[in-house]
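**Q** 3D model of this:
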Amino acid sequence: MALMPKRVKHRKSQRKRIKGNATRGNTVVLGDWGLQSLDGGYIKANVIEACRIAATQYVRGEGKLYIRIFPDKPCTSRPLETRMGKGKGEPDHWVAVVRPGTVMFELAGVSQDAAKDCFNRVAHKLPVRVRLVGRRPGT
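**A** Reported below is the predicted structural model:
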């Protein structure tokens, strides 16, 4: 089942420019290794679910996966072959807004090689460029 909020204040939201780098959620805090975004973009809820399945199938219970992003922005779309006008479309799917530097997924309890292999599988499903980051020593 795709992630989505239980309740929102407004059904439809406007698209905004993704300006600047992430100031929050840009360090590894829950696990030992993280997957950090290098680009800004929108990540759909079903893409997050596909990444979760790919990562959990790889670690197979020996490590723990943390998902640090949540799709809370509605994206609307008009039906195909519809004429112009008649307002904004209905909510179609949910996306998570990711800025450059956001840590999207974290792994705990696995080695660096295992984390690299796992996140390599996850990176193929994402629409943004990513890199592997480790927890900073002393934090």
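
**Q** contacting residues for the residue nearest to residue 109 when sequence neighbours are not counted?
**A** Nearest non-adjacent residue to residue 109, counting by CB to CB, 6 or more residues apart in numbering: residue 63, 4.2 Å away. For every residue, glycine as well, the C-beta is placed using N, CA and C. Contact analysis of residue 63 by CB atoms under 8 Å, 6 or more residues apart in numbering lists 107-110, 114-115, 118.

**Q** The same query, at a cut-off of 10 Å, please.
**A** Contacts for residue 63 (CB atoms under 10 Å, 6 or more residues apart in numbering) come out as 31-33, 55-56, 107-111, 114-115, 118.

**Q** repeat for residue 39
**A** Residue 39 neighbours (CB under 10 Å, 6+ apart): 18, 98-100, 126-130.

**Q** Now for this structure: which strand has the highest residue count?
**A** strand 90-98 (DSSP state E).

**Q** hang on, the earlier thing: going by neighbour count, which of the contacts of residue 39 comes out on top?
**A** residue 98 (25 neighbours; other CB atoms under 10 Å).

**Q** three-state assignment of residue 107?
**A** Under DSSP: H, G, I helix; E, B strand; the rest coil, residue 107 falls in the strand class.

**Q** Now distance to residue 85 and secondary structure too, for the contacts of residue 63, in a markdown table please.
**A** As requested, the contacts of residue 63 are exported to a markdown table (distance: CB to CB, whole Å; DSSP: H, G, I helix; E, B strand; the rest coil):
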| residue | distance to residue 85 | secondary structure |
| --- | --- | --- |
| 31 | 49 | coil |
| 32 | 53 | coil |
| 33 | 50 | strand |
| 55 | 44 | helix |
| 56 | 45 | helix |
| 107 | 48 | strand |
| 108 | 52 | strand |
| 109 | 55 | coil |
| 110 | 53 | coil |
| 111 | 57 | coil |
| 114 | 53 | helix |
| 115 | 50 | helix |
| 118 | 47 | helix |
